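**Student:** I would like the atomic coordinates for the input below:
(chains A, B, C and D)
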Number of protein chains: 2
Amino acid sequence: MPADRSPTRIQKKNRAAILEAALDVFSAHGFRGATVDQIASEAGLSKPNLLYYFPSKEAMHNALLEQLLDTWLDPLRELQAEGDPLQELMGYVQRKLQMSRDYPRESRLFANEIVQGAPRIHAALTQELKSLVDEKVSVLQDWMDQGRIAPVHPYHLIFSIWSLTQHYADFDVQVRAVLGDEDPFATAPDFMETLYRRLLTP
Amino acid sequence: MPADRSPTRIQKKNRAAILEAALDVFSAHGFRGATVDQIASEAGLSKPNLLYYFPSKEAMHNALLEQLLDTWLDPLRELQAEGDPLQELMGYVQRKLQMSRDYPRESRLFANEIVQGAPRIHAALTQELKSLVDEKVSVLQDWMDQGRIAPVHPYHLIFSIWSLTQHYADFDVQVRAVLGDEDPFATAPDFMETLYRRLLTP
DNA sequence: CGTGACTTTGACCAGTTGGTCAAATCAGGA
DNA sequence: TCCTGATTTGACCAACTGGTCAAAGTCACG
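**Tutor:** Now for the predicted structure:
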């Protein structure tokens, strides 16, 4: 096991390579479907060498999830109570959509975990996630009470943004199978814009 | 292997029990994460007995997927070109939402398969699925051309219905972690109704 | 009740899995 | 250069995996 001291050049490089490979494999096969051998070969390292940097397969998975949950919630954190309501919400939707386009593996990693009952991050859902959502929901509720956006169930509003945007990452093969050659990300932003403008304009 | 003749009472009962258990296990762990032993013990049969009724683990998975793809597309098939456009679409949304509530395991089985790249049903996506969607999209397009519903990208409209409704089955733990005690299916139908009425009313 | 087909299972197998370990190799500061 | 700690790996292991098979048990029907 590498020491707890500040990481050497080699440690930095290898840890990053391992996490990169692990993201690839876990997001494509889920936790139980991924094998350490597969991650090792994709990282260009031997299996015992992986286990020198991370004590177990589960530790790699945890490292990814912890690192990612924060990044994943950033777009929602940026939603400002002080801004223009419709503009803030549109910004949030477009940021989430960009994340689906630019980080589809991260999206699928979470999707795999949640679909299978979130056995490894259930605590984080009821804590960090819930409290952030509760906070932003109260902002939405204020806007609705002030008549600045149309009144709708604020939690379902947020769920709808999550599901619509992540759909393009998580169900990518299905979307592309139906759309054929058309690039989903070329037309999705416009659709989202229309949908939420119609829904939320008072 | 059971004969090809008409199934005996025992064959019917055991096949059904196996598929029921397989649905439970596959939907909770994905294909690679599920084990035949686990399915066997949940079905109350021995492992060799399972493999007497199905030649392999993959055969069980295929049997489930084939049987389910049809059921899964039924709500869309019921969308009638002759009916009232808004009412037809609302009906479709509500039928899909009910399927998420009543058959969450089926939804998660598909979700697992698609998220992991649909290695086993990719052909069905580009054939049965695509042709049904193409057909219904042309109905939607006619309605839009006639000004009977607002013009939006028809494929994204269908994707949005899929993602919104299935979210409540596939991401159930997350939804419940955020909502606390509130039953998502008590308030979701109303939210969907509002959303699609605002989006589609001309 | 007897018989042949259907059903069930314990024991087993070869391949894969996550993980260990001692020994070998390497990097870099004195 | 040499030495010490960091890094790497081949060989290995026990547990588990999907799947096989011959033998035993059960059923339905004449």
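**Student:** quick check: longest helix of chain A.
**Tutor:** Scanning chain A for the longest helix, with DSSP state H as the assignment, gives helix A:9-33.
**Student:** Go through the helix or strand following it and flag the buried ones.
**Tutor:** Scanning the chain past helix A:9-33 towards its C-terminal end, the next helix or strand to appear is helix A:36-43 (assignment: DSSP states H and E). Along helix A:36-43, the positions that meet the burial threshold by neighbour count (16 or more other CB atoms under 10 Å in any protein chain shown) are A:36, A:38-40, A:42-43. The C-beta positions use only the backbone N, C-alpha and C, and glycine is treated the same way.
**Student:** domain ranges for chain A?
**Tutor:** Structural domains of chain A, as assigned by automatic domain parsing, span the residue ranges A:1-55, A:65-200.
**Student:** for those, which one ends up most surrounded?
**Tutor:** domain A:65-200 (a mean of 18; mean count of other CB atoms under 10 Å in any protein chain shown).
**Student:** Is any residue of that domain near DNA strand C?
**Tutor:** No - figure legend: domain A:65-200 not in contact with DNA strand C (CB under 7 Å from any atom of the strand); closest approach 13.3 Å.
**Student:** roughly how far is that domain from the heart of the chain?
**Tutor:** Relative to the mean C-alpha coordinate of its chain, domain A:65-200 is positioned 9 Å out (CA atoms, centre = their mean, to the nearest Å).
**Student:** Look at it and report the distance between its end residues.
**Tutor:** Here the two ends of domain A:65-200 are set 33 Å apart, with distance taken as CA to CA, to the nearest Å.
**Student:** Over to stretch A:116-133?
**Tutor:** Distance across stretch A:116-133, first residue to last, is 22 Å (CA to CA).
**Student:** What's the mean pLDDT across it?
**Tutor:** The predicted model assigns stretch A:116-133 a mean pLDDT of 96.
**Student:** swap in stretch A:29-45?
**Tutor:** Across stretch A:29-45, the average pLDDT comes to 96.
**Student:** contacts for that stretch?
**Tutor:** Among residues not part of stretch A:29-45, those counted as contacts by CB atoms under 8 Å, 6 or more residues apart in numbering or on different chains are A:14, A:17-18, A:20-22, A:24-26, A:28, A:46-47, A:49-51, A:57-58, A:60-61, A:112-113, A:116, A:120, B:29-33, B:112, B:116.
**Student:** So that stretch, near DNA strand C or not?
**Tutor:** Yes - part of stretch A:29-45 sits close enough to DNA strand C to count as contact by CB under 7 Å from any atom of the strand, namely A:34-37.
**Student:** Nearest to chain B among these?
**Tutor:** When those are compared for distance to chain B (CB to the nearest CB), A:Ala34 wins out at 8.3 Å.
**Student:** distance between stretch A:57-74 and the chain's centre?
**Tutor:** What separates the centre of stretch A:57-74 from the centre of its chain is 10 Å, taken as CA atoms, centre = their mean.
**Student:** sorry, that was for stretch A:7-27
**Tutor:** Computed by CA atoms, centre = their mean, the separation of stretch A:7-27 from the middle of its chain amounts to 19 Å.
**Student:** right, is that stretch up against DNA strand D?
**Tutor:** Yes - using CB under 7 Å from any atom of the strand, a contact is recorded between stretch A:7-27 and DNA strand D, made by A:8, A:10-11, A:14.
**Student:** what's in contact with that stretch?
**Tutor:** With contacts defined as CB under 8 Å, 6+ apart, stretch A:7-27 is touched by A:2, A:34-35, A:38-40, A:42-45, A:49-50, A:53-54, A:60-61, A:63-64, A:67, A:105-106, A:108-109, A:112.
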